[in-house]
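Enquirer: Based on what follows, work out the 3D shape:
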Amino acid sequence: MSLLSDPRWGEALSHLPDYLGNHVRVSLAALALGLTVSLPLAILTRNRPAPRSILLALASIVQTVPGLALLALFYPLLLAAASLTLAWFGVSFSAFGFLPAVLALALYSMLPVLRNGITGLNGIDPALIEAAEGVGMTARQSLVMVELPLALPVMMAGIRTAAVWVIGTATLSTPIGQTSLGNYIFAGLQTQNWVFVLFGCFASAALALAVDQLLGLIESGLRRRSRLRTGLGAAGIATLVAVTLVPSMGRSSSGYVVGAKTFAEQYVLSALLRDRLQAAGLPSTARSGLGSSVIFEALKAGDIDLYVDYSGTLWANQLHRTDIKPRAELLAELKTALAKDNVTLLGELGFENAYALVMPKTRAEALGIRTIADLAAHAPKLSIAGDYEFFSRPEWAALQKAYGLSFRAQRQMQPDFMYAAVASGEVDVIAGYTSDGLIAKYDLTALDDPRHAIPPYDAILLLAPKRAGDERLKTALNPLLGKIDIATMREANLRAAGNDAKSSPDAVAKWLWEKVGKR
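Expert: Model prediction:
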């Protein structure tokens, strides 16, 4: 089956109204905010060299910060601000999704608007300004009636650049909870669904190109003083906004919001939870691709209603515990600690997805490596790869302390790419996951941890504070508790690593329910 005839194009198309509408909404709000702030600043500082230099320097510094980092930084800042406003004024707001995305993207839009605004205003022939003063115009009248109209074509060029930057960077807002065209890209990378990746890239590029061309028509109209061109460009922008926003705004936002982190297993489990809710007559939507800390804080704040997490992750990241306890004792303490935040630990799903050091089975046998203790002697000659957060997590520090691990080189990779890299010899060892089906697919082996440096990682189902007493929700989810064993989850994850319509999270979730629903 060719890529063009892949039925997943139809699935991708079905998500377009929601993803595109949200993408346009956040981009439009960010650009409007950026213009509202940048244009007055450009006017105020155009004839003030010192403030102008400082302003442009600060805007330039913002551009050096990677887009994903800038978006992620706003989430904890807004979360702290929301806590303060709640404590001081009894009023809170959501620090999740839309607001941090808008603020970060607005900052990204400022540099071209500021630079072109100042350049356009300072490029006006001084004789024209003197002529305006000569006919009795005030400084304000000169600005509004002479300077801004003359500078507007140059300013529009900056606005065009800002619009393209904002639309492109908005695809990175998915991990902080903002639905966008980036949902295609993040989900596609994690599930190896290249149709989704291509669709997301094409849709984002097409949107940016369309907006740029329409703004270019307005810019051309202003340069040529053509009302027709300016009007057509403005009408085109208005039509594009209406076409993309109206379908998504008309959709009901009621129902349960199921969260998911940024890897394939989470997409499958999220789809499984939504299937069970729909079967019980409870409407639900997904909020996928969220970072580990973002998703838990979103649950506490009620921005999502439920998701699957792992006991070891919460033990280390949320409770900041470094001690390792037996599974039952750890779960009991974790449940008590979560209850203090009014988060409900409904139960375990039945399998564990722990970090594990993984290497090719044949290479491990050749070197006589069965455990991490055996690996320690060979580590100085070997390289290791982990996901984007592993080497900064407490588990890595615990492994180094327990076994004295010191590798020749460390690399960070997209999780699914790690397995192919270790199988092909690009790296010697990876920090994999015990429930991952790719371990069997690539004939790898997970090394034993005899000193128990890695805590238990039972998959657990969490409910938001506002859902603590929701008996209908609990009844719908109870049939999943304790039913998914490690072998079944590995097979589900292996299916999700395929590259056809049967490997989509929804299809795998249906298969998974057929397996566990009979138990």
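
Enquirer: could you show me where the helices are in the stretch 401-519 of the chain, in order?
Expert: Per DSSP state H, counting those that start in this stretch, the stretch 401-519 of the chain carries helices over the ranges 415-424, 438-441, 471-477, 486-496, 505-516.

Enquirer: list the buried ones in the shortest one?
Expert: For helix 438-441, burial by neighbour count (16 or more other CB atoms under 10 Å) applies to 438, 439, 441. Where you see a C-beta, it was placed from the backbone N, CA and C, and this is true even at glycine.

Enquirer: so which of the helices of the stretch 401-519 of the chain gets nearest residue 147?
Expert: Each of the helices of the stretch 401-519 of the chain has some distance to residue 147 by CB to CB; the shortest is helix 415-424, at 53.5 Å.

Enquirer: which secondary structure elements does that closest one contact?
Expert: helix 182-191, strand 355-360, strand 383-386, strand 429-433, helix 438-441, strand 444-446 (3 or more CB pairs under 8 Å, 6 or more residues apart in numbering; DSSP states H and E).

Enquirer: do that again at 10 Å, thanks
Expert: helix 182-191, helix 264-279, strand 355-360, strand 383-386, strand 409-412, strand 429-433, helix 438-441, strand 444-446 (3 or more CB pairs under 10 Å, 6 or more residues apart in numbering; DSSP states H and E).

Enquirer: Please identify the most buried of those.
Expert: strand 429-433 (a mean of 26; mean count of other CB atoms under 10 Å).

Enquirer: Can you list the strands that that strand pairs with?
Expert: When pairing is defined by DSSP bridges, strand 429-433 lines up against strand 355-360 (antiparallel), strand 383-386 (parallel).

Enquirer: Between helix 415-424 and it, find me the angle.
Expert: Angle between the axes of strand 429-433 and helix 415-424 is 140 degrees (criterion: axes from the mean of the first three to the mean of the last three CA atoms, to 10 degrees).

Enquirer: C-alpha coordinates for strand 429-433, CSV please?
Expert: Extracted C-alpha coordinates of strand 429-433, given in CSV (Å, rounded to 0.1, in the frame of the first residue of the first chain):
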residue,chain,number,x,y,z
VAL,A,429,23.0,0.8,25.7
ILE,A,430,19.7,2.7,26.0
ALA,A,431,17.4,3.7,28.9
GLY,A,432,14.3,1.8,27.6
TYR,A,433,11.0,0.9,29.2
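
Enquirer: Report the rounded mean pLDDT for the helix or strand containing residue 59.
Expert: Here residue 59 sits within helix 49-64, counting by DSSP states H and E. Mean pLDDT, helix 49-64: 91.

Enquirer: ok, the closest residue to residue 466 other than its chain neighbours - contacts?
Expert: Leaving aside its chain neighbours, residue 466 sits nearest to residue 302 (5.0 Å; criterion: CB to CB, 6 or more residues apart in numbering). By CB atoms under 10 Å, 6 or more residues apart in numbering, residue 302 lies in contact with 94, 96, 257, 342, 464, 465, 466, 467.

Enquirer: do the same with residue 281
Expert: 472, 476.

Enquirer: Please report how far it lies from residue 512.
Expert: Distance of residue 281 to residue 512, computed by CB to CB, to the nearest Å: 21 Å.

Enquirer: swap in residue 116?
Expert: When residue 116 is compared with residue 512 (using CB to CB), they lie 53 Å apart.

Enquirer: between the two, who's got more neighbours?
Expert: Between residue 116 and residue 512, residue 512 has the larger neighbour count (other CB atoms under 10 Å), namely 26 against 23.

Enquirer: quick one: pLDDT of the more buried one?
Expert: 94.

Enquirer: Distance of the nearest residue to it once chain neighbours are set aside relative to residue 378?
Expert: What sits nearest to residue 512 in space, not counting adjacent residues and going by CB to CB, 6+ apart, is residue 492, at 4.9 Å. Note on residue 492: its distance to residue 378, by CB to CB, is 33 Å.

Enquirer: of those two, who's got more company?
Expert: residue 492 (26 against 16).

Enquirer: Might one say that that one is in contact with residue 498?
Expert: No - contact criterion CB atoms under 10 Å: residue 492 and residue 498 do not qualify, at 11.2 Å.
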